[in-house]
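Chemist: return a 3D structure for these sequence lines:
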Amino acid sequence: MFGFLSRRRDEKQRAAALYAAIVTQARLPAFYAQLEVPDTLDGRVDAIILHLALVLRRLRGEDGGKTLSQNLFDCFLADMDAGLRLAGVSDVRIAKEMKKLVKGVYGRLAAYDEALDAADDALLSAAISRNLYGTLDEEPSSLVLGQVNAYVRALLGELETVDGPELVRGELRFGCAPLVS
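Modeler: Sure thing, here's the model as predicted:
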């Protein structure tokens with residue numbers, strides 16, 4: 001009779017496992033030390049969003065992928081809400097800040113999707129520069145952008161090799177690290 005509650009809990013646990021893998025990957029020191037991603041709250045959130053975009057993209061078309069994608073996005077939002085609260089944002093401002101955050105995330109997801117759909121390295125580099133490095137005063141070097149671009153392409157390829165049912169079960173281990181020369 002209450003099987004739906006158990007199923008919902010399992011779906012949320014799978015999403016939480018995927019989100020934990022995304023956050024772990026986005027926190028690799030190479031992003032901040034060698035690839036010059038700003039080691040700030042904004043920079044770390046943007047690194048998470050980049051990885052989230054790639055996993056959400058991979059979940060499309062998978063049986064159960066739509067529900068898992070929504071639960072994964074909900075995990076992200078819950079993490080951001082908790083982060084704002086820890087940073088001392090008042091309850092009154094949380095809704096405004098979250099609305100602004102969601103709008104920004106949708107824009108980033110659309111920009112990454114557009115660039116990846118077009119298979120255009122210049123478009124991908126522009127999206128990466130605008131989003132991952134958007135808080136910097138100057139654009140990252142073409143070498144750094146090329147390295148991040150190559151990483152995104154490699155990670156996208158890696159995600160395509162992950163078995164769909166395995167991914168929907170929340171089982172994801174990133175094997176790809178940022179390529180740094």
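Chemist: dump the residue contacts of G83.
Modeler: The neighbours of G83, taking C-beta atoms under 8 Å, 6 or more residues apart in numbering as the test, are L41. The way it works is simple: take the backbone N, C-alpha and C, and place the C-beta from them, glycine included.
Chemist: any idea how far it is from M98?
Modeler: 11 Å (C-beta to C-beta, to the nearest Å).
Chemist: relative to G64, how far out is the residue sitting nearest the centre point of the chain?
Modeler: The residue lying closest to the centre of the chain (C-alpha atoms, centre = their mean) is L52, at 2.2 Å. Noted for L52: a distance of 18 Å to G64, by C-beta to C-beta.
Chemist: same question for G146.
Modeler: For G146 relative to G64 (C-beta to C-beta), the value is 36 Å.
Chemist: again with V144
Modeler: 37 Å.
Chemist: average pLDDT for the longest helix seen in the chain?
Modeler: Longest helix in the chain by number of residues (criterion: DSSP state H): helix 91-118. Averaging pLDDT along helix 91-118 yields 93.
Chemist: that helix - contacts with which helices or strands?
Modeler: helix 41-59, helix 65-86, helix 121-131 (3 or more C-beta pairs under 8 Å, 6 or more residues apart in numbering; DSSP states H and E).
Chemist: which one of those helices is the most hemmed in?
Modeler: Greatest average neighbour count among the helices and strands packed on helix 91-118 goes to helix 41-59 (a mean of 20), per mean count of other C-beta atoms under 10 Å.
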